[in-house]
Structures are given as structure tokens and as C-alpha cells.
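>>> got a predicted structure here, sequence first:
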Amino acid sequence: MNAVTLGLEQLVISPPAHLRGRRIGLLCNSASLDKHLNHARQLLAGCFGAKLTSLFSPQHGLFAEKQDNMIESGNRRDPLLQIPVFSLYSRTRRPTRDMFEPIDILMVDLQDVGTRVYTFVYTLSYCMEAAKSLGKKIIVLDRPNPIGGTLVEGNCLDAAWSSFVGRYPLPMRHGMTIGELALMFNTEFGIGCDLEVIPMGGWRRDMQFHQTGLPWVAPSPNLPAPVSALVYPGQVIWEGTNVSEGRGTTQPFELFGAPFIDPDRILKVLGGRHLPGATLRPMEFEPTFNKWQGQVCRGFQLHVTDPEQFRPYHASLCLLRTILGCHGDSFQWKQPPYEYEYERLPIDLILGDQQIRLRLEASEPLDAIEASWQENLAAYDDMRRRYYLYK
């Protein structure tokens, strides 16, 4: 298998002439690596020397060291290059004028995971807005969508439920690379900054991550493997509930459960262990931190058996509706705060539309709920194709 050539690698192979003499910043984290596990900041320092003046870090920190949501990382100095690192998940999530003063160009090399609620792409959008207002340029070094670029799934976010886990009307599984998203944000949502995307070589939209020939390095602490990213567009909804999403275990998002769940009862209602493209394995686990720390949770591991047939959002909504029906006396929606929102329910922000929660609470059939968003999803699918960099 020939490995995909990353946007980072394309840049290093042939640095564009218009970058000579320009002051450069880099938005990155510990997953900003080439195929040989060399970090982007080392590679760019090799290309541009002292013109690489500063680094910027997203949620979870420069080394993805911060475990949970709303755990901020401070500004610091990079231990390798001894240049400043500005945190964009701290007192501010938007770059300030002072942060952008030492640079002419911000390069962005972040591994997105293909899900609307992942905050890295909104950090990118804030940087694009700042670049527009301050006369700076953005260059996105593109990376694969680890769950592929063909399928889209879920309701498009209702603007009334916009937040840091959803700024724009994307579906839960958006089917774009981070570079394609940047192009779409810039045009469709009126940012209008000076934007350049350096595309990958050899990536196809139908690729799962294991087909790229690239090493997986967790872009955030609770996505330790490609399968974590594959289940995440659905399993992330447990963050808005009192059901553990597996944080505090070695397999977050694959595992889910709570002390009050009866797996046999759930399977009986579902009619068996199988969901399209996946199998549920009943199990128990004990989180070492986060929800139900130190308590035995009964639930499941979600095993993906056929990635092409698996629909993570559908699967997890089906499970959520079943748990609501079987354990409504113990099940609860998580209360705020969540990602700097102190009044609205986290589940409404995650689902991107309060009506979905209300319809689930009313035991409305899932197929009826899913039918209601197909027109908007089709319109989104048409829109995104205008920004394809890869066929």
C-alpha cells in the first residue's frame, strides 16, 4: 500500500516561493506528524528557521495532555524550539491581536475526526475570522478524514443551538477533510479570509484511516484508535447524559454504560445484539475518573464489524431511545455547564437541535425523526461537493 502524502509533507517537499521571508505561526498538537512521526514544528523549523515565530494549540493542549472538556491549557514556551505557544483553549478561544502580531501567516496542521462536535474545526474558523480582520493569511495543511469522505449522516445543526461544539449547519458526520471544511467555511459562511489549502496526495474519499498507510496518533486523549473515531459521531451523545461514554477506561466511546443499565433488557428490546455493521457485547467496566468513577457500570462494547454498513449516529440514537424507554426512572440528561455554555442542556448542543431530544422523550419512532432531516442533509451534501479537493 502506498501511503497518503499529507499536506504537511507536500509543503516540506516543495515550500511555495511566496512563503520566503514571511513570519509563520503553526496551529498544531501532538498528532501533527508526518508518516515518519516527525512533528510539524520540527519540519517547519527546518524549512523556515527563525521565521517560525510561534505555535498555537487547540483544546486538550499542545501535547493533547488535558483529559476532559473545559480543562484549559495555558500559554507556555515550546520546550524544543523555545518559542511561545498560545493556547486557544484558555481564557480565550479566539486568537487576539497580540497573538497574531508576530506572524504574517498561520499554518494549520490538525487532525480532525469527521464529526460536527469536534472543536478543532471551530478553532480554525476563529483563526480564519481573526486573519480576515487583521490582514493575515491562513494555510491549511490537509489531513485525511479518518472515517472517510463519502458518507454523511445526521441532522444539520439548527442555528439556534450554535455553540463551540457546533458553529455551522453541518450534519453530525460531515464527510469533509479539514481543508475542504476551511474552504466551505470561508465561502458559504462569509469569513472571506486569505486562505490557501495544501492538499494531500493519494487520498481517496472512500478510505478508512487504516488504508492510508499513516500512523494513528490520538488527536485528543479519548480517541486512542481509529475505531474510536469511527464510533464517535454517535457515541459522543452520551456526554450529554448520565451514561458513561467510557471515559476513564482504555476504550472510551467504544464502551458505554451505567450502574442502572440492564444489558439483557436492552438486548431484548432491540431484538438481539446486532445493529447495522456492528455488534453489542454485554460487559461491565469501572471508570477510573469521570462519570461513575470507581463504580461498576453495566453496558456494552460497540464492536464495528462492517465500517461501510455502520451508521454511528443512527446506532447511538437507537441505543439512547432504548435506554430512555427501559431506564427512564434512572436515566438523566447531564446538566450544564458544557463547553462554556452555562444554561442550555449539553444534549441539545451535541444533537444540534432541541427538538430531537423532545421527540426522543416522547418515544417518537426513530425512523420518523431521521426522515425529518433528510431534505436538509441532501442540501448539505450538494453544498459540500462544491468544495471537494479529492474525488
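Great, that's in hand.

>>> quick one: contacts of stretch 381-390?
Identification of contacts with stretch 381-390 by Cβ atoms under 8 Å, 6 or more residues apart in numbering yields 142, 149, 152, 174-177, 179-181, 183-184, 187-188, 197, 199-200, 203-205. The C-beta positions use only the backbone N, C-alpha and C, and glycine is treated the same way.

>>> which among those residues count as buried?
142, 149, 152, 174-177, 179-181, 183-184, 197, 199-200, 203, 205 (16 or more other Cβ atoms under 10 Å).

>>> export stretch 275-289 as CSV, just CAs?
This file holds the C-alpha atoms of stretch 275-289, laid out as CSV (Å, rounded to 0.1, in the frame of the first residue of the first chain):
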residue,chain,number,x,y,z
LEU,A,275,-27.0,-3.2,14.7
PRO,A,276,-26.2,-2.5,11.1
GLY,A,277,-22.5,-3.0,10.7
ALA,A,278,-21.9,-3.6,14.5
THR,A,279,-22.4,-6.0,17.4
LEU,A,280,-23.1,-5.2,21.0
ARG,A,281,-21.1,-7.2,23.6
PRO,A,282,-22.6,-7.0,27.1
MET,A,283,-19.9,-6.2,29.7
GLU,A,284,-19.1,-4.4,32.9
PHE,A,285,-16.4,-1.7,33.4
GLU,A,286,-15.3,0.6,36.2
PRO,A,287,-14.2,4.1,35.2
THR,A,288,-11.1,5.4,37.0
PHE,A,289,-12.3,9.0,36.5
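
>>> tell me the buried residues in it?
275, 277-278, 280, 282, 285, 287.

>>> nearest to Val4, of those residues?
The shortest gap between Val4 and any of the buried residues of stretch 275-289 belongs to Gly277, at 24.0 Å (Cβ to Cβ).

>>> was I right to think the closest one contacts Thr305?
Yes. With contact defined as Cβ atoms under 8 Å, Gly277 counts as touching Thr305 (6.1 Å).

>>> for the buried residues of stretch 275-289, which one is nearest Gln82?
For the buried residues of stretch 275-289, the closest approach to Gln82 (Cβ to Cβ) belongs to Pro287, at 38.3 Å.

>>> and the closest one, what's its pLDDT?
The score at Pro287 is 98. That number is its pLDDT.

>>> before we move on, the earlier item: among the buried ones among the contacts of stretch 381-390, name the ones in strands.
Judged by DSSP state E, strands contain the following of the buried ones among the contacts of stretch 381-390: Val197.

>>> so where's the chain uncertain?
1-2 (pLDDT under 70).

>>> what about Gly61, how many neighbours?
The number of residues packed near Gly61 is 23, by other Cβ atoms under 10 Å.

>>> how about the nearest residue to it, chain neighbours excluded?
Ser73 (3.7 Å; Cβ to Cβ, 6 or more residues apart in numbering).

>>> picking up where we left off before, return the subset of the buried residues of stretch 275-289 lying in helices.
Judged by DSSP state H, the subset of the buried residues of stretch 275-289 located in helices is empty.

>>> closest one of those residues to Cys297?
Phe285 (5.5 Å).

>>> show me the beta-bridge partners of the closest one.
Beta-bridge partners of Phe285, counted by DSSP bridges, are Cys297.

>>> check contacts around it.
Taking Cβ under 8 Å, 6+ apart as the test, what Phe285 contacts is 244, 246, 249, 255, 257, 296-297, 299.

>>> give me that answer again for 6 Å
249, 255, 297 (Cβ atoms under 6 Å, 6 or more residues apart in numbering).

>>> ok, the last one touching Ala258?
Yes. Counting by Cβ atoms under 6 Å, a contact exists between Cys297 and Ala258, whose distance comes to 5.4 Å.

>>> which residues are common contacts for the two?
What both Cys297 and Ala258 touch, as defined by Cβ under 6 Å, 6+ apart, is the set Ser244.
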